[in-house]
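Participant: One predicted model, sequence on top.
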Amino acid sequence: MLEVMKQKLADEIDRLMHELTFTLPRAIKHAAELGDLSENAEYKSALERQQFVQARLNHLTQRAGELSRIDATSLATDKVGFGSRVVLEDQASQDRIEYTIVFGDFIDLDTNQISMASPIGRALLGKQLGEEVRVQLPRGERAYRLVELVTLPQMVS
């Protein structure tokens, strides 16, 4: 899990570095050649994209540094924490949903990855198998039971 996240970050960093180093300078140069820069939408757009890419790179580089400092062997094996895969049962509907708890503000609902900083992530941290979890969501409070738990140390051992 941890290695997959590191690889995803590295891949995005590589893609953005290529864009920042090669693609955007060409786009800016081409736009500048079109004439008056004060009224050149292409030029302004390329500069705005360059600023966004630089900010995103800074954020991802910081995140990669944070991930590199995580030691999976020091994480609890019986409580929800970073990297845990959990299955929750909604107490009202009995529906089940699986999540993987990830670092920071990362979220990928297509793969059911939620951040430790999200309302559900915060409510789950430190919980053990069988415990009830109450989560305050925009639509009101929800109650879940933690019915399956696989921690990051269990996945890497």
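Facilitator: Here it is on my side, so go on. Here the structure is a predicted model, which is why all the values come from computation and not from measurement.
Participant: Name the surrounding residues that touch the longest strand anywhere in the chain.
Facilitator: As assigned by DSSP state E, the longest strand anywhere in the chain is strand 140-150. Residues outside strand 140-150 that contact it (Cβ atoms under 8 Å, 6 or more residues apart in numbering): 78, 80, 84-92, 96, 98, 124, 127-135. Glycine gets a C-beta too; all of them are placed from N, C-alpha and C.
Participant: For PyMOL, write the selection for the buried entries among those residues.
Facilitator: For the buried members of the contacts of strand 140-150, the matching PyMOL selection, counting by 16 or more other Cβ atoms under 10 Å, is:
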select buried, resi 80+84+85+86+87+88+89+124+127+133+135
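Participant: Can you tell me which of the contacts of strand 140-150 end up in helices?
Facilitator: Helix and strand membership here follows DSSP state H; of those, those in helices are residue 124.
Participant: Next secondary structure after the one helix or strand residue 7 maps to?
Facilitator: Residue 7 belongs to helix 2-18 when elements are defined using DSSP states H and E. From helix 2-18 onward toward the C-terminus, using DSSP H and E, the following helix or strand is helix 24-33.
Participant: List the ones among the contacts of strand 140-150 that fall in strands.
Facilitator: Secondary-structure check on those using DSSP E: residues within strands are 85-90, 96, 98, 132-135.
Participant: which secondary structure elements does the helix holding residue 7 contact?
Facilitator: Based on contacts counted as 3 or more Cβ pairs under 8 Å, 6 or more residues apart in numbering; DSSP states H and E, the elements that helix 2-18 packs against are helix 41-68.
Participant: Pull out the buried positions in the helix it packs on.
Facilitator: Of the residues in helix 41-68, 43, 46-47, 49-50, 53, 57, 60, 63, 67 count as buried by neighbour count, 16+ other Cβ under 10 Å.
Participant: so residue 136 sits right up against residue 122, yeah?
Facilitator: No: counting by Cβ atoms under 8 Å, residue 136 does not reach residue 122; the two are 9.8 Å apart.
Participant: gap between residue 128 and residue 121?
Facilitator: Counting by Cβ to Cβ, to the nearest Å, the separation of residue 128 from residue 121 is 16 Å.
Participant: Show me the shaky parts of this protein.
Facilitator: Counting by pLDDT under 70, the low-confidence segments of the chain come to 1-2, 5, 67, 69-74, 104-109, 156-157.
Participant: Okay then, goodbye and thanks.
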